[in-house]
Every structure is written in structure tokens, then in C-alpha cells.
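[1] Coordinates only, no sequence provided:
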């Protein structure tokens, strides 16, 4: 018997989860703890939404043995993924309930929330940096623009396709008319990367590069 099997035996003692276990048995031929914990998340959210905090709290508390590293029912993914990745746990109206959760599962969710906030903050910062680059790059030296681009795309410089793309975009951002005003530099760049892309195509992209995203 696995730790997940033992967790299921424990969860059968929770009235609100018995039907979820039965449904999992019908779906897969045997109950799956991950599947049951995913359903448990939805049931807990529905309970809180209906104002039945006692029911929601009972479901949450029942999952604690899955986080006990020393216990026979240790099955952390059933909680950290199947249960806690329900998007509702990140909604403001649920936070007062979450604050009253038992410490282990509450701290695990807060850790996930902090990770999501950090990811969003980083994405917002990068978006602002892109906006600033497009706003301020005109007239800047190509090398300066190129360095800023490399920082934004985390370029390592070992991919000739990616490097050529950055070189092209840096020239366009520095001067929208780069091809006409700097034809020799443009031809040199196109020829240098001739094994990566046809020179005529590179020249066309210097004139009007395509941006994605």
C-alpha cells in the first residue's frame, strides 16, 4: 500500500469527500488521491462561497497528513499541486478563510502566493523596461541599445539567429532609417551573417523588422 492509498483511507473519514472518492473510482477504476484532492479543492471553495466555513475548514484540515514528511500518508503533490493550485485560493475574498487555516498548509499556500506575486512583479518590470527601451532608444548608439536588448531577452550570444535578430532590432530602434543612412554597416552585417540568413532578407529586416509578442 502506497502513501497515497493510505491518504485515501484517511480522506474517506471526511463526509464531504466520500462522494469524490466514489466518483474517482468510477472514473479510473480505482480512487486516485491526486484526483480526489483536486475535487476537494473545488468543494472547499464552494463551501467557503456558501458561507460554510466549518465544512471548508474540515476539508482543508483533512489534507494535513499529506504534508507530514514523517507520516505514512506523505503525499505532498496532492496538496501543493492538486489542492492549492486552484486559482480561487489567490482571490481576495478567500484570504480571511485562508488566514485561519492550519499552519502547514497555510504557509505552503502563502509561499505559492509570494512566488506568483514575484513572477508578476518581474513581468511588469520587464514590460516597463521594454516600453522604456522603445521610447528612449532612438538616437542612442547601437552598442548601448544592443546591451539593453540583451538584458531584456537574457541572450547568451551563442545563437547566431538570435544574435542577428538583436543586431537588426538594435539598429532599427537606434535609427528607423538605419538602412538608408548606414548602408555600408547594413551590408557588412548582412554579409557577416550570410550563413545564418540570406543577406537580402537581413537587409529587408533592417529596413522594417518584425516584432513578436
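    Yes, it's here. Because the structure is predicted, anything quoted here is derived from the model rather than measured.
[2] in what helix or strand does the residue of the chain positioned farthest from its centre lie?
    Ranking residues of the chain by C-alpha distance from their mean position (Cα atoms, centre = their mean) puts residue 184 at the top, at 43.4 Å. Secondary-structure assignment from DSSP states H and E places residue 184 in helix 183-192.
[3] from the middle of its chain, how far away would that helix be?
    39 Å (Cα atoms, centre = their mean, to the nearest Å).
[4] what's it packed up against?
    Identification of packing neighbours for helix 183-192 by 3 or more Cβ pairs under 8 Å, 6 or more residues apart in numbering; DSSP states H and E yields helix 160-174, helix 178-181, helix 199-207. No exception for glycine: its C-beta is placed from N, CA and C like everyone else's.
[5] quick one, helices of the chain?
    For the chain, the helices identified by DSSP state H occupy 3-11, 15-28, 33-49, 53-62, 76-77, 95-98, 103-136, 142-153, 160-174, 178-181, 183-192, 199-207, in order along the chain.
[6] And the last one, what's buried?
    It refers to helix 199-207. By neighbour count on 16 or more other Cβ atoms under 10 Å, the buried set for helix 199-207 is 202-203, 205-207.
[7] I'd like to know which elements that helix is packed against.
    Packing contacts for helix 199-207, counted by 3+ Cβ pairs under 8 Å, 6+ apart, involve helix 160-174, helix 178-181, helix 183-192.
[8] Contacts made by stretch 140-149 with the rest, please.
    129, 133, 137, 155, 166-167, 169-171, 173-174 (Cβ atoms under 8 Å, 6 or more residues apart in numbering).
[9] Now that we have those, which of them are buried?
    Neighbour counting with 16+ other Cβ under 10 Å marks 133, 137, 166-167, 169-171, 173-174 as buried within these.
[10] What is the most widely separated pair among these?
    133 and 167 (15.1 Å; Cβ to Cβ).
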